[in-house]
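S.K.: The sequence isn't on hand, but the structure is:
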């Protein structure tokens, strides 16, 4: 008789649930009964999704989303900012490039290190039961939030500029400024975060060939 | 054995679980087996489809799970229907009867 307790424990991601031990034991009992019954019709199980559904049933949708999406997303945001501050305080000089006569300031070292933060966000999200798209969202959350914020700000400033009749040149300058800020401080970091998250988007613990696998509906 | 699709099965899971527990208490595996037997294999619930629903029903207070010693001296978490679950069962049955009645009528019209 195999150790179903360890089997379930190794695959089910429900850390932090109040009834964690009880649930693991109950599911292990189920698999033990199925084995005793000679139930061979066990199919592939998506353990990440199963864990998520157990968590949702136990905690409710809001708490699950908070744990698997918003908290990892917030974490990547905070880590990105901290990493930028570390790079700035370490005496690294920023690169300055001129585009459309505007000076673009960026820290290449920061961009190089950002994939680590993206990877951490995807991993934390995955451990909380988040799946592919949730992991990507958690990884690029800070960039996405900033993109929305800057886009809305740009829209408001553009409307004010037009209403004040400041002319096409002024509006063009405004657009160029926002475009460069968004490109360098939002899209590039977002891409770096996504690159880091990419290897961890679809990874999950699946059953090895020949080992009994609990089924999915 | 013909089986129904997962979407339909998910919708009917509440009724299936409550109906079986209305007759007799059962632990998870027993419950899945009884559903399969009583529906002639049309409805089959495995671990992944059964437990999230069971836990949701427990959260709603419709079923109650407690560790008990079952045949063979093994400890199992057995589920019973609560009075609240019993009250919910009849409206749920009526709802499904209405639904299948409507589908039946629709099928009759299509055949005519």
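M.R.: Alright, I've got the coordinates. For clarity, every value in this text was computed on a predicted model and none was experimentally measured.

S.K.: residues in chain B within reach of chain A, list them.
M.R.: Listed as neighbours of chain A in chain B under the rule Cβ under 8 Å from any Cβ of the partner chain: B:6, B:9-10, B:27-30, B:33, B:45-49, B:51-53, B:55-56, B:59, B:74-77. From N, CA and C alone the C-beta is placed, and that goes for glycine too.

S.K.: Residue B:13: neighbour count?
M.R.: Other residues near residue B:13 number 21, with proximity taken as other Cβ atoms under 10 Å in any protein chain shown.

S.K.: in the chain, which spans are strands?
M.R.: Answering for chain A, as no chain was given. Ranges of strands in chain A, per DSSP state E, are A:95-99, A:102-106.

S.K.: was after chain B, sorry
M.R.: Assigned by DSSP E, chain B shows strands spanning B:26-27, B:63-69, B:75-81.

S.K.: what lines up beside the last one in the sheet?
M.R.: So the one you mean is strand B:75-81. According to DSSP bridges, the neighbouring strands of strand B:75-81, each with its direction, are strand B:26-27 (antiparallel), strand B:63-69 (antiparallel).

S.K.: Give me the distance from the first one to the chain's centre.
M.R.: Which is strand B:26-27. Distance of strand B:26-27 from the chain centroid (Cα atoms, centre = their mean, to the nearest Å) equals 12 Å.

S.K.: Quick one: mean pLDDT over it.
M.R.: Averaging the model's pLDDT scores along strand B:26-27 yields 93.

S.K.: Rebuild the strands of chain A as TSV, extending it with distance to residue A:25, mean neighbour count and mean pLDDT.
M.R.: TSV is the format used below for these (distance: least, Cβ to Cβ, whole Å; neighbours: other Cβ atoms under 10 Å in any protein chain shown; pLDDT from 0 to 100):
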stretch	distance to residue A:25	mean neighbour count	mean pLDDT
strand A:95-99	56	11	81
strand A:102-106	53	14	80
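
S.K.: so what's residue A:110 up against?
M.R.: Counting by Cβ atoms under 8 Å, 6 or more residues apart in numbering or on different chains, residue A:110 touches A:83, A:84, A:87, A:189.

S.K.: mind checking how far the residue located most distally from the centre of chain A is from chain B?
M.R.: Within chain A, residue A:165 marks the point farthest from the mean C-alpha position, 42.6 Å out by Cα atoms, centre = their mean. For residue A:165, the distance to chain B equals 57 Å [Cβ to the nearest Cβ, to the nearest Å].
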